[in-house]
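# sequence isn't available, so here's the structure alone:
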Ligand SMILES: Nc1ncnc2c1ncn2[C@@H]1O[C@H](COP(=O)(O)OP(=O)(O)OP(=O)(O)O)[C@@H](O)[C@H]1O
């Protein structure tokens, strides 16, 4: 399902670290209601690209926009206010907080704007708090982990903790979800469940994921961007990318080198 509204667009992004060019002239768009996958071999620049989208890395040149609005000085703490959520490879859960409280941390988008009303009006704040807790439980329920709401993350299986991190990203009801290697450490069945879940999210948001697992990427993504040595070598649907001569040449180049 497409949508004509602009999503997250990167235009001609270049990032260098000292003498090394990690990204060179990269352009892409993560569109509403679509899943965009960023793939490529080790060192291709995927994490750097993800970090640019999150505001962790400032590009040397090129531009970033979201919903048609330029983001010249994006910082990680701007994301929530922009309606963008992310999960990272390190899940970043707080071990001394319950699962539910960990998810509530993700409701920051509302919490910031509620600060003054919280200060001035306790009854309303209590009602908002209850509403947020209901929403957090709702997201945990959607991800099939509501039964863990009162547990502490350290004691839970990795796949459950990953879902808690995802719930924390979803509780703010983002319009764009950025996922860094969401399938890492999951079994085949868990990965297939994740694929179904991600497809289900597209009715309310855009999703951009950086991922190594080709099964997930091929089954879930509407579009792919293939990076190699910091450059985009192919874009298109999974089928188009698989047939792309540049991808085949890169693969054959590797195969010849390996031989
Ligand atoms: N902070 C940094 N300082 C210096 N070089 C870096 C930094 N971050 C990344 N690089 C280099 O930039 C290039 C791209 O790295 P990046 O981690 O973005 O690739 P990747 O596709 O995510 O790789 P992987 O799949 O192994 O995670 C690599 O050569 C890497 O060594």
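Yep, that arrived. Because the structure is a prediction, the values reported are computed rather than measured.

# identify the residues contacting residue 88.
Counting by CB atoms under 8 Å, 6 or more residues apart in numbering, residue 88 makes contact with 165, 180. The C-beta positions use only the backbone N, C-alpha and C, and glycine is treated the same way.

# which residues of the stretch 51-200 of the chain fall in helices?
Per DSSP state H, counting those that start in this stretch, the stretch 51-200 of the chain carries helices over the ranges 79-82, 99-105, 108-113, 115-120, 122-142, 158-170, 188-201.

# flag every buried residue along the first one.
This points to helix 79-82. By neighbour count on 16 or more other CB atoms under 10 Å, the buried set for helix 79-82 is 79-80, 82.

# so the closest residue to residue 238 other than its chain neighbours, which of the three states?
Once flanking residues are discounted, residue 238 sits nearest to residue 218: 4.5 Å by CB to CB, 6 or more residues apart in numbering. Three-state assignment for residue 218 (DSSP: H, G, I helix; E, B strand; the rest coil): helix.

# burial count for residue 218?
Residues contacting residue 218 under the criterion other CB atoms under 10 Å number 17.

# and if you look at the one 4 residues further on?
Other residues within reach of residue 222, judged by other CB under 10 Å, total 20.

# pretty sure it is in contact with residue 239, am I right?
No - counting by CB atoms under 8 Å, residue 222 stays clear of residue 239, with 11.4 Å between them.

# how about the residue minimising distance to the centre of the chain, what does it touch?
Compute the mean C-alpha point of the chain, and by CA atoms, centre = their mean the closest residue is residue 178, 1.5 Å away. With contact taken as CB under 8 Å, 6+ apart, residue 178 is in contact with 50, 53-54, 84-87, 208-209.

# what's the closest of these to residue 230?
Closest to residue 230 out of the contacts of residue 178 is residue 50 (13.6 Å), distances taken as CB to CB.

# so where's the chain shaky on pLDDT?
For the chain, the stretches with pLDDT under 70 are 1-4, 108-127, 253-259.

# tell me the domain ranges of this protein?
Split into domains by automatic domain parsing, the chain comes to 1-83+174-259, 93-172.

# make TSV out of these and add distance to the ligand.
Shown next, in TSV, are the domains of the chain (distance: least, CB to the nearest ligand atom, whole Å):
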stretch	distance to the ligand
domain 1-83+174-259	3
domain 93-172	18
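
# quick revisit: please tell me how far the closest residue to the residue nearest to the centre of the chain other than its chain neighbours sits from residue 210.
Spatial nearest neighbour of residue 178, chain neighbours left out: residue 86 (4.0 Å); criterion: CB to CB, 6+ apart. For residue 86, the distance to residue 210 (CB to CB, to the nearest Å) stands at 11 Å.

# any common contacting residues for those two?
Contact criterion CB under 8 Å, 6+ apart; residues bridging residue 86 and residue 210 by contacting each: 179-180.

# mind checking which of these two has more residues around it?
Here residue 86 and residue 210 are compared on neighbour count by other CB under 10 Å; more neighbours surround residue 210, at 26 against 21.

# how much space between the more buried one and residue 75?
Per CB to CB, residue 210 is found 20 Å from residue 75.

# which residues of this structure fall in strands?
With strands called from DSSP state E, the chain shows them at 8-17, 20-30, 35-39, 61-66, 69-70, 84-87, 176-180, 206-210, 223-228, 231-236.
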